[in-house]
Structure formats: C-alpha cells, structure tokens
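Student: this one's structure only:
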C-alpha cells in the first residue's frame, strides 16, 4: 500500500496537469528504510521531463534528479515512489515503463490524464512482474516543500 497525504497527491495532479500535453515526472520521498510493501510518502519532488519525445515518454532531468537525491539524503529520506503521467493512455505501466523499472525498488504512481478527471494507480515493478498496490490518500501534512 502507498499512503500519500492529500496535499502531496494534489501536488502530483497539479504537476501532471501543467505538463500537458507532455508527460510529467517526478519523485515522491518518504522516511528512509520502509518496507517495500507498505510505503508512506511525504514529499513530492517534481522534475523536468527531458525526453526526446516528452508527449509519449519521460526522462528525469539528471541535474535535478541528483539534487533531489542529495536533498533526500540530507533529510534522511528515500525515493519511495517514481511518478509520471500518461496524457492519453491508461494509468498502467507501458512496456517502456516496465523496461525502465528493471531492478528498481520504488513504487510507480501513474496518472492518466485523459477523461473527465485524472486517475492514478500504483504499481510495483520487479522484472517482468507488475503488481498493483493500493493507493490511500490521507489528510495530513506532506512534509517540507521540495
């Protein structure tokens, strides 16, 4: 399960909306050392999408990603969720997403932007095995701003 404060979830949706028609991408940080099956996230770190085809792919800006990881280390956080949007597709991992996640330990939050309202789903990706996790949105603080 991924537990995400409502304020953090709203920040992700806002980032995804502002990025249209391109994919948005970023990291959600949480307290270090959590078990992979039950993750509590606290802080959203939006990153620029520098992919060559940002409307259908995402790639983190490497300078921003390094700065985010340095800040997480300083705050004793881990990157617990990688998020991105699918401007026209469903909130499920594409074959490209699965390939990019190979060997990763983060959960994946994918936000579908098509339709009357955004829809988000959470996934664990381990090799070719893709497992959906529960997304729980809760009231409460989202931690220090990114």
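Tutor: Arrived safely. The structure presented is a predicted model; accordingly, all values stated were derived computationally and were not measured.
Student: helices of the chain, residue ranges please.
Tutor: 6-19, 62-74, 95-100 (DSSP state H).
Student: export those to TSV and tack on distance to residue 84?
Tutor: Any C-beta I mention is one placed from the backbone N, CA and C, and that applies to glycine too. Converted to TSV, these look like this (distance: least, Cβ to Cβ, whole Å):
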stretch	distance to residue 84
helix 6-19	8
helix 62-74	13
helix 95-100	8
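Student: mean pLDDT lowest where, among those helices?
Tutor: Here the lowest mean pLDDT among the helices of the chain goes to helix 95-100, at a mean of 89.
Student: that one - contacts with which helices or strands?
Tutor: Packing contacts for helix 95-100, counted by 3 or more Cβ pairs under 8 Å, 6 or more residues apart in numbering; DSSP states H and E, involve no helix or strand.
Student: now it: buried residues?
Tutor: 97-98, 100 (16 or more other Cβ atoms under 10 Å).
Student: what does stretch 59-68 give?
Tutor: Buried, per 16+ other Cβ under 10 Å, within stretch 59-68: 59-60, 64-65, 68.
Student: also stretch 7-22?
Tutor: Applying 16+ other Cβ under 10 Å to stretch 7-22 flags 7-9, 11-13, 15-16, 19, 22 as buried.
Student: now do stretch 107-123: everything it contacts.
Tutor: Residues outside stretch 107-123 that contact it (Cβ atoms under 8 Å, 6 or more residues apart in numbering): 2, 4, 9, 12-13, 16-17, 20, 24, 28, 36, 39, 80-93, 97, 101, 124-125, 130-135.
Student: can I assume residue 68 is in contact with residue 47?
Tutor: Yes: between residue 68 and residue 47 there is a contact under Cβ atoms under 8 Å: 6.8 Å.
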